[in-house]
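Undergrad: Sequence first, predicted model second:
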Amino acid sequence: MIEDALLSAIQAQAELFAKAEKSRKKKHKALETKLNEIRQSIRQFEETIKKIEVAKQEHYESYKDGKITKDEYLFRRETCNKQIEEMTANITELSEKLNNAHAMLAEHSAVNTELQNSIGITELNREIVDSLVDSIIVYDHERIEIKFKYADGFAIR
């Protein structure tokens, strides 16, 4: 009985998977676009940091040449350091989002492969169950709960 219910649930999931292919591809493309935007933002922050480093060096040279006072140099240097710190924090945050999104893509790819492989199955084996099912809770003869290892959604958290 449990095997039959599990097989039916996996077949239903595989059928839903096949029907949702177009939507899944659209979500995947949107996520790839978002990843590219994040990569571009990281590059822009890195370029800005390089420019600030150059400006910081120029402030030092202005101080050494007597064009600005020591206090003015120290103020400008501190301003540059704060900007670099902010940019670095932004890069760190975006890098974490990028890593999370890559992990999510890898997970979705693995689930897609497993569901693709389960389309049309007529009997269960340990490999299929292990790859798709997280847990099975049997409440009584009439009710069981199957928790799959995957959830829907291509969102960057």
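TA: Perfect, thanks for sending it. Numbers count the residues shown, from 1 in each chain.
Undergrad: Only C-alpha atoms from now on, for both contacts and neighbour counts.
TA: OK.
Undergrad: residue at max distance from the center of the chain?
TA: Distance to the chain centre peaks in the chain at Gly66, reaching 50.0 Å (criterion: CA atoms, centre = their mean).
Undergrad: Let me know the secondary structure of that one.
TA: Put simply, Gly66 is coil when judged by DSSP: H, G, I helix; E, B strand; the rest coil.
Undergrad: what's the answer for Glu145, then?
TA: Per three-state DSSP, Glu145 ends up strand.
Undergrad: element containing Asp71, please.
TA: Per DSSP states H and E: Asp71 is located in helix 70-118.
Undergrad: and the residue farthest from the centre of the chain, what are its phi and psi?
TA: phi 80, psi 10 (degrees, to the nearest 10).
Undergrad: Distance-wise, check it relative to His59.
TA: Gly66 sits 11 Å away from His59, going by CA to CA, to the nearest Å.
Undergrad: other SSEs contacting the helix holding Asp71?
TA: Helix 70-118 is packed against helix 2-19, helix 21-64, helix 126-132, with contacts defined by 3 or more CA pairs under 8 Å, 6 or more residues apart in numbering; DSSP states H and E.
Undergrad: okay if I get those as TSV plus mean pLDDT, mean neighbour count and distance to Ile144?
TA: Shown next, in TSV, are these (pLDDT from 0 to 100; neighbours: other CA atoms under 10 Å; distance: least, CA to CA, whole Å):
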stretch	mean pLDDT	mean neighbour count	distance to Ile144
helix 2-19	80	16	8
helix 21-64	92	15	28
helix 126-132	82	14	15
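Undergrad: closest to Lys82 out of those helices?
TA: Among the helices and strands packed on helix 70-118, the nearest to Lys82 by CA to CA is helix 21-64 (10.2 Å).
Undergrad: Okay, angle between that closest one and helix 70-118 too, please.
TA: Here the directions of helix 21-64 and helix 70-118 differ by 160 degrees (axes from the mean of the first three to the mean of the last three CA atoms, to 10 degrees).
Undergrad: Could you double-check that Ala101 sits in contact with Leu35?
TA: Yes: between Ala101 and Leu35 there is a contact under CA atoms under 8 Å: 7.4 Å.
Undergrad: Could you check how many residues crowd around Ile137?
TA: 10 (other CA atoms under 10 Å).
Undergrad: hang on, it in a helix?
TA: No: counting by three-state DSSP, one finds Ile137 to be strand, located in no helix.
Undergrad: Give me the residues contacting stretch 141-149.
TA: Contact with stretch 141-149 is made by 2, 6, 9, 131-139, as judged by CA atoms under 8 Å, 6 or more residues apart in numbering.
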